[in-house]
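Peer 1: Need coordinates for the below:
(chains A and B)
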Amino acid sequence: MDKENNKQVKILQGNEAVADGAIAAGCQFFAGYPITPATEIAEVMAQKLPLSGGVFMQMEDEIASVCTVIGASYGGMLACTASSGPGITLMQEGVGYAATVEAPIVIINVMRGGPSTGMPTAAGQQDLYQAKYGSHGDYQIIALMPSSCQEAFELTYKAFELALKYRVPVYVLTDEIIGHTREKVHIPSDLKPVERKKPELTADYKPFEAGPDGLLDGMPAFNEGYKLLLDGQLHKPDGNRAGTLPDVCDSMVRRICNKITDHAKDLYDCEELFLEDAEVVVICFGSPARPAIRAIKELKNEGKKVGCLKIRTIWPFPAEKVKEIAKTAHTLIVPEMNMGQITQEVERAAAGQAHVFSMTLLGGLLHTPQDIMTEIEKRILK
Amino acid sequence: MNPIGEKYLRKSALPSIWCPGCGNGTVLSAALRAIDELEIIDRVGLVGGIGCAGWIPVYINADVMHTLHGRTLPFATGLKMSDPSRKIIVFSGDGDCLGIGGNHFIHSARRNIDITVILVNNQIYGMTGGQVSPCTPLVAKSKTSVFGNPEMPFDSTKIARAAGATYIARWSAGQPRQLTRAIKEAIEHKGFSLVEVLSQCPTQAGRVTHGMADPTKLLNLLRSNTISVKKAEKATAEERAGKMLMGTIFNSDEDVEFSESYKNLVERATGSV
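Peer 2: Numbers count the residues shown, from 1 in each chain, chains lettered A, B, ... in the order given. Predicted coordinates for the structure are as follows:
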């Protein structure tokens, strides 16, 4: 224990840091299914949850895992599940249901190379669009991307706060590299579990009647007197199915989307590095943020006008910030371990104001600082 | 409205989506009577699947989850394990429970988790317009078994027994008293309990399979393919052939229930035993 800073310091694997972050947030329920490279999260939960009266269940598959987690969430516990690509794919019907009944659940995706069973033991960032668009229909989620074990802990804790505040499924998107890297993690010793506020129980309580900000008040549970009616079918504020009432269905879908996108500024979570006079800016997130920041610092030391935007909340995407950067920087570089998913978001936000270059990388590899430095230097001279 | 309905129905959800002559109303009524007699309305968690039977809990003024197709039991498991004092009742049809939800059904039975499944078996996918289900009899016609079903049907009670369920009963929608008693027993039973209800579907099974829509005749047809548990004990193999058992088929408290077993795990983990 580091007494001066009131912090505990541990050496944790990313997957362990995620599990510890969840437990620190007050997660009492975990349901999952073994899958590489996420299994250690379930193993830690199986070890630790029973010690504090929590529930760990290994389910028959990932569909059951996510549905059980939603049941536990409305049952009164903070709940999460963890998996990787193929398992997250199976969970998608549950994600859509959770978004529709506004269940605050947390899903950790330790991303591996895809598609299909892909590369079970190697890292990837190919599931970013899946996180946002994986289930059918229009809805919104929140997704956080750590790039270190420290952030894996912090962002998993934060995921529970956001899930409760916005009543929405929140993804923590790590990858095989972070999941299996061991690093120092500083844990504040006065960290308290996230508070689950109960809605006021009035005579005409309507579980899906939102405030002017589109958000629901608190999080009710079964057998507390609310007489909840939860339905994956589009519903009226009282929970009854809307059937084909166009106005009710229209406003419900708009609200569950807008309650996230309208709060994009509140959800903004980026690290800004040397942006003041940067002509070339690297936009990074997750594992590639590590070599990217190293590259930026080295070039800055050499006096180059370079900067970096490291994104921690990837969805909703910080488009406003990228737009602002594109006004002053002439080039944006996006290193990502996929075919350029976030590059498309950056291009859309930059809207032609800056050149956008994608550094796509597949095969389970991570960009080296040298790769990124070379790319930046090529663009500085442009 | 009768006093039970007055007391427990979620009036804002009415009228129901069901066709005239459907057996789901009888199942709803039996479930409400059981809940009333046990005085547990504030302690129940009701879970419905997709299909006609999945709507039954929606009409009950209690805490209700109308879920995804086939996934009733995982949702129910989360509700049960987050507070084992709850009484969890699942309403599901034959397609929902045994088709798309078959894997969850056998694993929930294996865990012997204290959940009551009321499986309304009308031997057809009714809501989508009369397609073949896992319980449609061999050679029976449906919209997707136009020349007669080439597949053998499931017997849910046999699956449940083999998988580890500890209370198993089958009645029909034509036996509301026996059904109410069975639902009560199932709710009070500590462990995974299954009450299958053979139920008439005049609109789809009636029209498509049997060429008639008379609910009474359809019920009698369903019941003619059954044999009571008592009669079956003395019956010859020939007399039993092709007949489904009717009555309380299995009732045992030998196996540990899952939430109890989990409590034991917590005690082992924390060293309090």
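
Peer 1: Which residue comes closest to B:A186 once chain neighbours are left out?
Peer 2: B:S193 (3.7 Å; Cβ to Cβ, 6 or more residues apart in numbering or on different chains). Bear in mind the C-beta positions are built from the backbone N, C-alpha and C, glycine included.

Peer 1: and that neighbour, what are its bridge partners?
Peer 2: Here B:S193 sits in beta bridges with B:T116, B:Y167, going by DSSP bridges.

Peer 1: if I read this right, it contacts B:T116, doesn't it?
Peer 2: Yes: assessed by Cβ atoms under 8 Å, B:S193 is found in contact with B:T116 at 4.7 Å.

Peer 1: Give the residues shared as contacts by those two.
Peer 2: Shared contacts of B:S193 and B:T116, defined by Cβ atoms under 8 Å, 6 or more residues apart in numbering or on different chains, are found at B:A186, B:I187.

Peer 1: Quick one: residues contacting A:I372.
Peer 2: Per Cβ under 8 Å, 6+ apart, neighbours of A:I372: A:V282, A:P291, A:A292, A:A295, A:I296, A:I333, A:P335, A:M359.

Peer 1: In terms of distance to chain B, which of the residues you listed ranks first?
Peer 2: A:P335 (37.9 Å; Cβ to the nearest Cβ).

Peer 1: Okay, and that closest one sits in which element?
Peer 2: strand A:331-336 (DSSP states H and E).

Peer 1: List the buried residues of that strand.
Peer 2: A:T331, A:L332, A:I333, A:V334, A:P335, A:E336 (16 or more other Cβ atoms under 10 Å in any protein chain shown).

Peer 1: correct me, but the first one touches A:R379?
Peer 2: To tie it back to what came earlier, the one meant is A:T331. Yes: if you go by Cβ under 8 Å, A:T331 and A:R379 touch, sitting 4.5 Å apart.

Peer 1: secondary structure class for the residue in the stretch 101-250 of chain B positioned nearest to chain A?
Peer 2: Proximity of the stretch 101-250 of chain B to chain A (Cβ to the nearest Cβ) peaks at B:H107, 4.2 Å away. Recorded secondary structure, B:H107: helix (DSSP: H, G, I helix; E, B strand; the rest coil).

Peer 1: Can you get me a residue count around it?
Peer 2: 19 (other Cβ atoms under 10 Å in any protein chain shown).

Peer 1: pLDDT of the longest helix along chain A, averaged?
Peer 2: In chain A, with assignment by DSSP state H, the single longest helix is helix A:149-166. Computed over helix A:149-166, the mean pLDDT rounds to 98.

Peer 1: Check stretch B:170-178 too.
Peer 2: 98.

Peer 1: Distance of the closest residue to chain A within chain B relative to A:Q28?
Peer 2: Distance from chain A to each residue of chain B (Cβ to the nearest Cβ) is smallest for B:G78, at 2.3 Å. B:G78 is 12 Å from A:Q28, where distance means Cβ to Cβ, to the nearest Å.

Peer 1: Repeat that for A:L332.
Peer 2: 42 Å.

Peer 1: Got the phi and psi for residue 104?
Peer 2: Assuming you mean chain A. With angles defined as degrees, to the nearest 10, A:P104 sits at phi -80, psi 90.

Peer 1: My question was about chain B, not that one.
Peer 2: Torsion angles, degrees, to the nearest 10, at B:H104: phi -70, psi -30.

Peer 1: Pretty sure it sits against B:L73.
Peer 2: Yes: look at B:H104 against B:L73 with Cβ under 8 Å: they come within range, at 4.1 Å.

Peer 1: and those two? which has more neighbours close in?
Peer 2: The neighbour comparison of B:H104 against B:L73 (other Cβ under 10 Å) goes to B:L73, with 34 against 26.

Peer 1: Which secondary structure state is assigned to that one?
Peer 2: B:L73 ends up helix, using three-state DSSP.

Peer 1: Just the pLDDT for it.
Peer 2: So B:L73 comes in at 98 (pLDDT).

Peer 1: which residues does the residue of the stretch 1-150 of chain A at minimum distance from chain B contact?
Peer 2: Nearest residue of the stretch 1-150 of chain A to chain B: A:G71, at 2.3 Å (Cβ to the nearest Cβ). Counting by Cβ under 8 Å, 6+ apart, A:G71 touches B:V47, B:M65, B:P74, B:F75, B:A76, B:T77, B:G78, B:L79, B:K80, B:S82.

Peer 1: Check A:V18 too.
Peer 2: Taking Cβ under 8 Å, 6+ apart as the definition, contacts of A:V18 comprise A:I41, A:A82, A:I108, A:A152, A:F153, A:T156, A:V172, A:T174, A:G179.

Peer 1: got any ranges where the chain has weak pLDDT?
Peer 2: Picked chain A for this. A:1-5, A:381-382 (pLDDT under 70).

Peer 1: wrong one, I was asking about chain B
Peer 2: B:273.

Peer 1: Now B:T144: closest residue in space that isn't a chain neighbour?
Peer 2: Residue nearest to B:T144 in three dimensions, not counting chain neighbours: B:Q131, with 4.3 Å by Cβ to Cβ, 6+ apart.

Peer 1: Which positions are bridged to that neighbour in the beta structure?
Peer 2: Partner residues in beta bridges with B:Q131, using DSSP bridges, are B:Y125.

Peer 1: For it, grab the count of nearby residues.
Peer 2: Using other Cβ under 10 Å, the number of residues around B:Q131 comes to 17.

Peer 1: A:D204 now?
Peer 2: Per other Cβ under 10 Å, the neighbour tally for A:D204 reads 6.

Peer 1: Distance check, it against chain B.
Peer 2: 11 Å (Cβ to the nearest Cβ, to the nearest Å).

Peer 1: still on that earlier bit, check contacts around the residue nearest to B:T144.
Peer 2: B:Q131 is in contact with B:I124, B:Y125, B:S142, B:K143, B:T144, counting by Cβ under 8 Å, 6+ apart.

Peer 1: residue in the stretch 251-382 of chain A nearest to chain B?
Peer 2: Using Cβ to the nearest Cβ, the closest approach of the stretch 251-382 of chain A to chain B is made by A:M252 at 15.2 Å.

Peer 1: Could you double-check that that residue sits in contact with A:L234?
Peer 2: Yes: counting by Cβ under 8 Å, A:L234 is a contact partner of A:M252 at 5.2 Å.

Peer 1: Overlap of the contact sets of these two?
Peer 2: Contact with both A:M252 and A:L234 is made by residues A:A242, according to Cβ under 8 Å, 6+ apart.

Peer 1: can you pull out the strands in chain B?
Peer 2: Counting by DSSP state E, chain B has strands at residues B:44-48, B:63-66, B:87-93, B:115-121, B:167-172, B:193-198, B:226-228, B:244-251.
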